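J.: A structural model of the following input is requested.
(one chain, ligands or ions: 2)
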Amino acid sequence: MKELVIISGKGGTGKTSVSAALASLSESTVIADCDVDAADLHLVLSPAVMESGIFESGKLASIDKSKCVSCGRCLELCRFEAVKNNDGIFSIEETSCEGCGVCVHFCPVNAIMFDERKCGEWYISKSRFGTVSHARLFAGAENSGKLVSLVRKKAKEKTSEENKSFIITDGPPGIGCPVIASITGADAVLIVTEPTLSGEHDLERIASLIKHFRIPFFVCVNRFDVNEEITSRVEKKTLELGGIVAGKIPYSKIFTQSQIRALTVMESDCVEIKNIIKNIWEKICHRMMTI
Ligand code: SF4
Ligand code: SF4
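T.: Numbers count the residues shown, from 1 in each chain. Ligands and ions are numbered 1, 2, ... in the order given. Now for the predicted structure:
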């Protein structure tokens, strides 16, 4: 089983379109959508949910009003100003509670419950390109890194169950905790970048992160013809950093047009783009077989 994680320094580089296109090219793939804060791969894959579950992480305090004697101890002790007193009726604001447990410990009548915090939902779905492991983080919920790890774990389980050989993971943008959670233990990473000054800068930051984990990486320059001078620098920088240039994709309206029709570009009639993406996929597969 091999896993390719597709990431980008920031959103809007075309990472998800590239992920969907590559996922459509492999017949033996499970797809993992790890962009849990802003999942949009499902817009193209239209997956039908087969299994789902609640993602819990951390703890959340809440007051059982039938037991509370309104002593005010919890209000006094909470350092996060999560406890509210409304005319002697005490309650805990969910978004402010940090789950430290101090109020639970010191409540004289055990009126404070301390349950698992429900942070999101995970799904296993069927799509026209195979099984998809994906998730949704609830608004304001944290710990997206843990949810990313859960989505990857479920994708691996499905890959084994279905006797598949490949996982294509659409990772989150940036270089934060969710990105680290999405690349740890992966076989290779594909960075989708664009020829802008910020794209160039992000590439260096993200490549340094990947090198730290000793994971081989490829770079694909999307909309390369928008600035060929920066594209050349990105290619040069990729090689200097020890990466492999997987390919360059020209600017094309077909990406947006396909997305609007809920299709991958591989389902469009743009032969030029399809051939470029096929070549990128073949290059990555070929190199990954030797890893
Ligand atoms: S510490 Fe317990 S009893 Fe006192 S106000 Fe808070 S919940 Fe109510
Ligand atoms: S668990 Fe901690 S943060 Fe939450 S209400 Fe109690 S004292 Fe405040």
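J.: got the residue ranges for the strands in the stretch 51-200 of the chain?
T.: 83-86, 89-92, 112-127, 130-137, 166-173, 188-193 (DSSP state E, counting those that start in this stretch).
J.: Within its sheet, name the partner strands of the second one and how each one runs.
T.: Right, the one you point to is strand 89-92. strand 83-86 (antiparallel) (DSSP bridges).
J.: for the third one, same thing?
T.: Paired strands of strand 112-127, with direction, are strand 48-63 (antiparallel), strand 130-137 (antiparallel) (DSSP bridges).
J.: Make JSON lines out of those and add distance to Pro250.
T.: From N, CA and C alone the C-beta is placed, and that goes for glycine too. Below are the strands paired with strand 112-127 laid out as JSON lines (distance: least, C-beta to C-beta, whole Å):
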{"stretch": "strand 48-63", "distance to Pro250": "34"}
{"stretch": "strand 130-137", "distance to Pro250": "28"}
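J.: Can you tell me which of those is packed in deepest?
T.: strand 130-137 (a mean of 24; mean count of other C-beta atoms under 10 Å).
J.: got the angle for the helix or strand hosting Val5 vs strand 188-193?
T.: Counting by DSSP states H and E, the element that carries Val5 is strand 2-8. Put simply, strand 2-8 runs at 20 degrees to strand 188-193, going by axes from the mean of the first three to the mean of the last three C-alpha atoms, to 10 degrees.
J.: what pairs with strand 2-8, and is each one parallel or antiparallel?
T.: By DSSP bridges, strand 2-8 pairs with strand 166-173 (parallel), strand 188-193 (parallel).
J.: pLDDT of it, averaged?
T.: On average, the pLDDT along strand 2-8 is 94.
J.: which residues are in contact with that strand?
T.: 15, 18-19, 22, 34, 152, 156, 165-173, 179, 182-183, 185-193, 202, 206, 284, 288, 291 (C-beta atoms under 8 Å, 6 or more residues apart in numbering).
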